[in-house]
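> my questions are about this predicted structure, shown below with the sequence.
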Amino acid sequence: MWPFNFLLTYQAKSQLEMASVDPEALSSPLWRKRSPKPASRYSSDLKADRPDVFDRQTGEAIGWEYLRSYRRILVGYHLHSESKFRGGDDAEHGTLSRRNVEAWAASAIGKEADNLDEREAFGEGDDPIVYGVAAEDRQKLIADMGALQAEFGIRDRHLTAAARVSHHTLAALRRGGRVTMRSMFAILCALEGIRREQLAAAGDQQRWLLIAMRLRDELGSGNKLADLLGVSRPYMHRVLTGRKPLSSRLIERLRRAARAT
C-alpha cells in the first residue's frame with residue numbers, strides 16, 4: 001500500500017550558512033525576513049526517488065543544496081539544552097538530576113475528537129477547537145497565583161509587565177472572565193519566573209551573610225568587620241542579625257574582603 005496525504009519535512013540552512021554557500025539566494029523571498037519551511041511528497045528512498053522540495057507557505061521550489069544534511073543537524077545535538085532534567089542547560093555539564101514537575105492544571109486539546117468532517121460539512125470552518133482549562137482547574141490556578149503573589153510580595157504591576165499583558169487581562173482572569181490561553185500561560189510563566197528570581201536572590205543573600213559571619217568571627221567582632229568594610233556599626237549589626245538585607249554595595253565590599261583574606 002502506498003502512503004497518501006503524507007509529506008516529508010526538512011530543515012533549511014540558516015542565513016549564516018547560506019551566506020557562505022549562495023549569498024545571492026538571501027535576497028529571494030524564501031530567506032528575506034523569514035526561514036523557509038521545506039517539504040516534499042513522501043518518498044521511502046531519497047537516493048533512488050528524490051522528490052522536488054518546495055516551501056510550504058509560498059510553494060516556491062527549494063534546491064537540495066539549500067537543505068541541511070543529517071550530519072549537519074546532529075553535529076551540535078549534544079549542545080542542545082535538556083529541559084527535562086536539572087543541570088542540562090547549554091552552559092552546564094556533568095551528571096543530570098531528575099526534575100520534579102507539579103502540574104497546575106490540565107488543558108484538553110481534542111486531538112482526533114474535533115469532528116472535523118462534520119464541521120466542514122456544516123460549514124463551521126476548519127479552525128481548531130480551543131477547549132481551554134476546566135473550571136475547577138481554573139479556580140485552582142487563580143488561588144495558587146494569589147498565594148504565590150502574597151508569599152513573594154509580587155505586585156500586579158510587576159507581574160503584568162513581566163507577562164506583557166494589561167491589568168484588565170489579569171483582573172478578568174481573577175473574576176473568571178474570558179482570557180485567552182496565551183495570556184493565561186504568559187501570566188503563569190511570568191509568575192514562575194519572578195518566583196525563581198526571588199529564590200535565587202534569597203539564596204545569594206544567605207550565602208553572603210554566611211561569608212560576613214565568617215569574617216566577623218575571624219576579626220573578632222562585628223564592629224571590626226564594619227570598620228573593615230567602611231559601613232556603620234549599627235547597619236552591620238542589623239545585617240548580621242538578619243534584620244537588614246545585604247545591599248549590592250555591601251556584597252561587593254564583602255567580595256573584596258573575602259579575596260584579601
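Good, I have the coordinates. For clarity, every value in this text was computed on a predicted model and none was experimentally measured. Numbering: from 1, shown residues only.

> from A260, how far out is the residue at minimal distance from the centre of the chain?
Residue closest to the average C-alpha location in the chain (C-alpha atoms, centre = their mean): C189, at 8.0 Å. Between C189 and A260 the computed distance is 42 Å (C-beta to C-beta, to the nearest Å). All C-beta spots, glycine's among them, are computed from the backbone N, C-alpha and C.

> related to what we said a few turns ago, hmm, the residue nearest to the centre of the chain is touching A163, no?
Yes. Using C-beta atoms under 8 Å, C189 is in contact with A163, at 7.2 Å.

> any idea where the strands of this structure begin and end?
For the chain, the strands defined by DSSP state E occupy 7-9, 38-41, 53-55, 61-62, 85-86, 97-98.

> low-confidence ranges, the stretch 51-200 of the chain, go.
91, 107-135 (pLDDT under 70).

> how about 90 then?
56-60, 62-153, 173-186, 188-189, 192-193, 195-200 (pLDDT under 90).

> all helices of the stretch 1-150 of the chain, in order?
Ranges of helices in the stretch 1-150 of the chain, per DSSP state H, counting those that start in this stretch, are 15-21, 70-74, 116-121, 135-152.

> now render the ones you listed as JSON lines, adding mean neighbour count.
Shown next, in JSON lines, are those (neighbours: other C-beta atoms under 10 Å):
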{"stretch": "helix 15-21", "mean neighbour count": "13"}
{"stretch": "helix 70-74", "mean neighbour count": "10"}
{"stretch": "helix 116-121", "mean neighbour count": "11"}
{"stretch": "helix 135-152", "mean neighbour count": "13"}
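
> out of these, which is closest to F6?
helix 116-121 (17.5 Å; C-beta to C-beta).

> distance of S40 from R50?
Distance from S40 to R50, counting by C-beta to C-beta: 9 Å.

> more neighbours: which of those two?
Neighbour count, other C-beta atoms under 10 Å: between S40 and R50, S40 has more, with 18 against 11.

> please name the nearest non-neighbouring residue to the more buried one.
Counting by C-beta to C-beta, 6 or more residues apart in numbering, the nearest residue to S40 once its immediate chain neighbours are dropped is P51, at 4.1 Å.

> and what of L215?
Of all residues beyond its chain neighbours, the one nearest L215 is L225 (5.5 Å), with distances taken as C-beta to C-beta, 6+ apart.

> much appreciated, bye for now.
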